[in-house]
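# sequence first, then the predicted structure:
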Amino acid sequence: MMLSDVDILARIDDGSLVIDPMPSDSCIGSYSVDVHLSNHFRVFRGTMRPFVDIGDGKGANAMSGDLMEDVVIKHGESFHLHPGQLALGLISERLEVPDDLACSIDGRSSLGRLGLAVHVTAHAVDAGWRGQLTLEMINMGPLPLAVKPGIRIAQVSFQRLMTPTSRPYYAKEKAKYRNQTAPIQSRIDQDAA
């Protein structure tokens, strides 16, 4: 069952759901909360590699040194996302999702109408997630997009589980993205066989 604005605010008030900083009233929709873009990105750098073999057990992380680099934007500056370009971004807010809720992150319609997608495939957020969410940003439009840190970039919504999970993300011994505070590239090489 999806939480309404009333449910979301009640869960924030009782401390079982954490969104830090606390969202302003203008960021709370009927069933979602708008989240903001941070100033930290990871982009693919030019490489001589002909491909990334994601099925060899070494995958993207084996070549991390020459695949991606950090980009930190100064206050007031813009990050330019070119047509067809994929960049990892980060939301500014820290989330702590309780064991009885799952979360989804989706793009905002106004930005989607300009060609901006905020996730390629990973919109689902596990129960027990703690940290800042990485965005898989891609410009699917015909023109470069200048995005500024601080803009409302996406929205999160919450779904109640029938019973609390017995496997919250924060308790997973080998959780690949636990407590992230920066956009983290693929760690597919850490997948269990």
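Alright, I've got the coordinates. Numbers count the residues shown, from 1 in each chain.
# from now on I want contacts and neighbour counts done on CA atoms only, so please keep to that.
Fine.
# state which helix of the protein is the longest.
Longest helix in the chain, counting residues (DSSP state H): helix 5-13.
# in its sheet, what does the following helix or strand past it sit against?
Sequence order places strand 18-20 as the next helix or strand after helix 5-13, per DSSP states H and E. The pairing partners recorded for strand 18-20 under DSSP bridges are strand 94-96 (antiparallel).
# ok, and what's touching the longest helix of the chain?
L17, V18, I19, I28, G29, S30, Y31, S32, F158 (C-alpha atoms under 8 Å, 6 or more residues apart in numbering).
# out of those, which is most surrounded?
In terms of neighbours by other C-alpha atoms under 10 Å, those top out with F158 at 25 neighbours.
# any weak-confidence spans in this structure?
By pLDDT under 70, the weakly predicted segments of the chain are 47-49, 56-66, 176, 187-193.
# may I have the strand ranked longest in it as CSV, with CA atoms only?
As assigned by DSSP state E, the longest strand anywhere in the chain is strand 152-160. C-alpha atoms of strand 152-160 as CSV (Å, rounded to 0.1, in the frame of the first residue of the first chain):
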residue,chain,number,x,y,z
ARG,A,152,14.2,19.5,-7.3
ILE,A,153,15.5,16.6,-9.4
ALA,A,154,13.3,13.6,-8.5
GLN,A,155,10.6,12.4,-6.2
VAL,A,156,10.5,9.5,-3.7
SER,A,157,7.5,7.5,-2.7
PHE,A,158,7.0,4.9,-0.1
GLN,A,159,5.1,1.6,0.0
ARG,A,160,4.2,-0.3,3.2
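# packing partners of that strand?
Applying 3 or more C-alpha pairs under 8 Å, 6 or more residues apart in numbering; DSSP states H and E, we find strand 152-160 packed against strand 32-36, strand 101-107.
# how about that strand: buried residues?
R152, I153, A154, Q155, V156, S157, F158, Q159, R160 (16 or more other C-alpha atoms under 10 Å).
# go on, stretch 40-56?
Neighbour counts over stretch 40-56 (16+ other C-alpha under 10 Å) mark H40, F41, R42, V43, F44 as buried.
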